[in-house]
Structures are given as structure tokens and as C-alpha cells.
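# coordinates only, sequence not included:
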């Protein structure tokens, strides 16, 4: 049976890849292989590989590469360790194709490894822009090493082609994570409250904040402004559910602020390392708006007809719907954005990423290329006929 290997290094990645993994697992024609790494294997970030196993998936390889450091040097060392370790794992599994998603440094490491070992790569969510994070350069680098591309909008498809990829191998399929929104049986509010051991208020916020890794200014300064704004919102009656930051450089500093804040406001704030996809999406269903700088606020929140307050530069450059309110990491600006969110007409919210059926489209292309021996590791640079 033909083998497809899927890589995941974070809780968010796994949530997005889940419907494709499930589809391949249920297939009689393709064999699913799974490599997990990064934050999945870290006690500090919730040992989220257990969630993958709990969902009934067999993990073929667990590759530890994450160091107890969130400095730039620590990230670079993790990439180096990843390349060394992934080479052995991929040699053992020998898949027909490796599927990766997004723009994480762990994903860069396994992509470099697969590329050197002549394993074709399929990349999801290429062509996007996040000008405030190192993800920007990493994402486009992964694109250049990949053979198949599945983008979430037509604008991103054109950008991947602009990077020299042949149009016939670049597919605009929409955002695969939205398949979860449509297919999952989300929890009722009382079920969710029991699961979280937290009572929702009359007004609620889902907050996630990750480091802006290309920014040189002090992270602590913007965090003081952001948490001062959250404190003001608590005084106005809001309750806040916070998912903690990732392992990017500066992530531990953010988590320190989160821990201090949630300890001070124990009745009004719930902070968790990992909600898991079901509880995360269920929470999104019952909050008044999403706040922070996570891509889920831009891609998934609009499908729940709720506004998103997008703080700072991390997501700068992404395609954004009419429910995304950008603001600087300044208390006054954040509270001004909240006023706009409170008055937004939810019936007018649309989602640019929602095309429906991304999982089926990706699966069909993968199956076609594998079954008909169309995969290759050699490709020509595609030149666009344009003048500047």
C-alpha cells in the first residue's frame, strides 16, 4: 500500500491536519504514517501527542528536538537537531510523499531533510504572509522545496506561482481547518463549562498571543499594554479564556505574563496550555470575540460569525475578512477596537477562506499523483510573463 507521511509539531497544526489524517486512515488505498515532534513531546506545552493517540491514530515516530530555551540560538539548535533526527525517521518510514503544513521551524527542519533525501513534499497553506514573524521566510522556503501546493485562497495560489511553482501543481482548496468547524459535533455550553471547570460570563473573550519574532522592540513593553487592556475589560464584566503561547522565541515570556494575570484574576480568567481542537472550537462558538494574534482568529473565527481583534504585526499581510479589526499593542487602541467589535453586525461577517471540502480536494490530488506515478523531486522554475 502506498504510504503518505504526515508531520505535525504543534497542537494547532494537528487540529488543522486532523480531517486529512482521518480521511487517509479510513482509506483502503493509502497507508497513513505520522511523525510528531516539537511541542507535542514537551511537558511544558502539554504533551499533546497524547491527544493524537487518544483520537485513535498510531504515531510511527516521535522525534524530540525542542530545547528548554526560547532564544533565537535555541530555535536554531532545534532546527539542526531536527535535521539530524528526521533523516533517520524518514529513512525508516520511506514514504511516497511527506505532507507538511504552514511555517513552523520544526516543519522547516523536516522539509529540508525530506528534500535532501528525495522524498516529494506536499505543502498546505503556502503563499500566505505574516510579515511580523520568521514564519514568513520559513513558509516561502518550504514552498520552494515542495512539489505539490494546497493554498487557502486564490491570492495565495498566485503568490506560490510567483515563487516559480508550476500552476498545474498549485491548488486553491480553501482552509482545511474549516472542515473541522463543519464536521465536528461541538460541545453544548454546559458540557464545555464542565470540561473546563470554568463558568462563562455574560461577556467572554478567547485570547491567544504569540511572539512577533521579527520585532526588535521589547516584548515586555507591549505585553504590559495588552494585559492592562485585558484588566480594563475584566472591570467591564468580561471573562477571558486564554490559550498559552507556543515555543517561539519569547513564548515563555508571554506565558509568564499569562500565569501572573490568571493567578490575580482566578474567577474571571482561565488559562490553559492546550484546549484541543474540540474544546477550542467549542469555546470559539460561545465567546463574543477573539483577541490576540493567532491565525485562527483570521481563518476560523469568521465562520462562527464573531469579530476578531488582531493585535500587532504578527499576522500583517494575511488576507482578512470584514470581521478582523487590526490594532497596535497599545491599551487605548485595543479598547477602541473592542468598542468596534461590540457594535459589529454579525450577520454581515463573511469568511474568505471558506470554500468547503478542502480535505476531499487534497486527498483526491494526493491519491491521483501517487497512484498515477506523477510525483517527482525535479521541477522547472516557472517564469511569469510580466514586466515591472
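Yep, it's here. Computed from a prediction, not measured in an experiment: that's the story for all the values here.

# List the residues that contact the nearest residue to residue 39 once chain neighbours are set aside.
Distance criterion Cβ to Cβ, 6 or more residues apart in numbering; nearest residue to residue 39, sequence neighbours excluded, is residue 45 at 3.8 Å. All C-beta spots, glycine's among them, are computed from the backbone N, C-alpha and C. In this structure, residue 45 makes contact with 11, 39, 244, 246, 247, 273, 274, judged by Cβ atoms under 8 Å, 6 or more residues apart in numbering.

# And the strands in the stretch 51-200 of the chain?
61-63, 97-101, 121-124, 148-151, 170-172 (DSSP state E, counting those that start in this stretch).

# give the contact list for the nearest residue to residue 160 once chain neighbours are set aside.
Setting aside the residues directly before and after it, residue 160 is nearest to residue 127 in space (Cβ to Cβ, 6+ apart), at 4.2 Å. With contact set as Cβ under 8 Å, 6+ apart, residue 127 has these partners: 139, 143, 149, 151, 155, 156, 157, 158, 159, 160, 163.

# now swap in residue 230 and tell me
Neighbour list for residue 230: 205, 207, 240, 261 [criterion: Cβ under 8 Å, 6+ apart].

# Would you confirm that the second one contacts residue 244?
No - taking Cβ atoms under 8 Å as the definition, residue 207 is not a contact partner of residue 244, at 10.2 Å.

# who's more crowded, the two?
residue 207 (25 against 22; other Cβ atoms under 10 Å).

# How about the host helix or strand of that one, which residues are buried there?
In the assignment (DSSP states H and E), residue 207 maps to strand 203-208. Neighbour-count burial for strand 203-208 flags 204, 205, 206, 207, 208 (criterion: 16 or more other Cβ atoms under 10 Å).

# Excluding its own residues, what touches stretch 12-20? List them.
6, 8, 36, 40, 48, 51-52, 55, 99, 101-102, 104, 107, 124-125, 175-177, 179-180, 183, 246, 276-277, 280, 294-296, 359, 362-363.

# repeat for stretch 85-98
With Cβ under 8 Å, 6+ apart, stretch 85-98 has contacts from 2-7, 33, 35, 37, 60-61, 63-65, 109-111, 113-114, 116-117, 119-122, 147-148, 366, 369-370, 375.

# now those residues: which count as buried?
3-7, 33, 35, 37, 60-61, 63, 65, 109-111, 113-114, 119-122, 147-148, 366, 369-370, 375.

# which among the buried residues of strand 203-208 gets closest to residue 267?
Closest to residue 267 out of the buried residues of strand 203-208 is residue 204 (13.4 Å), distances taken as Cβ to Cβ.

# Before we move on, what's the pLDDT of that closest one?
Here, the pLDDT recorded for residue 204 equals 98.

# Tell me the backbone dihedrals of the nearest residue to it once chain neighbours are set aside, please.
Among residues not flanking residue 204 along the chain, residue 287 sits closest, at 4.3 Å (Cβ to Cβ, 6+ apart). Backbone torsions for residue 287, taken as degrees, to the nearest 10, come to phi -90, psi 160.

# residues near residue 287, how many?
Neighbours of residue 287 (other Cβ under 10 Å): 21.

# who's in contact with it?
Residue 287 touches 204, 205, 206, 241, 306, counting by Cβ under 8 Å, 6+ apart.

# Poorly predicted segments of this structure, please.
213-217 (pLDDT under 70).

# switch the cut-off to 80
The model of the chain has pLDDT under 80 over residues 67-70, 131-133, 212-218, 246-250, 386-388.

# Need the three-state assignment for residue 386.
Three-state assignment for residue 386 (DSSP: H, G, I helix; E, B strand; the rest coil): coil.

# so how far is residue 162 from it?
9 Å (Cβ to Cβ, to the nearest Å).

# Equivalent analysis for residue 284, please.
33 Å.

# who's more crowded, the two?
Counted by other Cβ under 10 Å, residue 284 and residue 162 do not tie: residue 284 has more neighbours, with 22 against 13.

# Secondary structure element for the more buried one, which one?
helix 276-286.

# Show me the contact partners of stretch 49-61.
5, 8, 11, 14, 18, 21, 25, 32-36, 40-41, 62, 89, 92-93, 274, 276.

# List the buried residues in that stretch.
Neighbour-count burial for stretch 49-61 [16+ other Cβ under 10 Å]: 49, 51, 52, 57, 60, 61.

# List phi and psi for residue 247.
Torsion angles, degrees, to the nearest 10, at residue 247: phi -90, psi 10.

# and it, how many neighbours does it have?
27.

# Give me the secondary structure label for the nearest residue to it once chain neighbours are set aside.
Nearest non-adjacent residue to residue 247, counting by Cβ to Cβ, 6+ apart: residue 39, 5.2 Å away. Of the three states, residue 39 takes helix according to three-state DSSP.

# Done for today, thanks.
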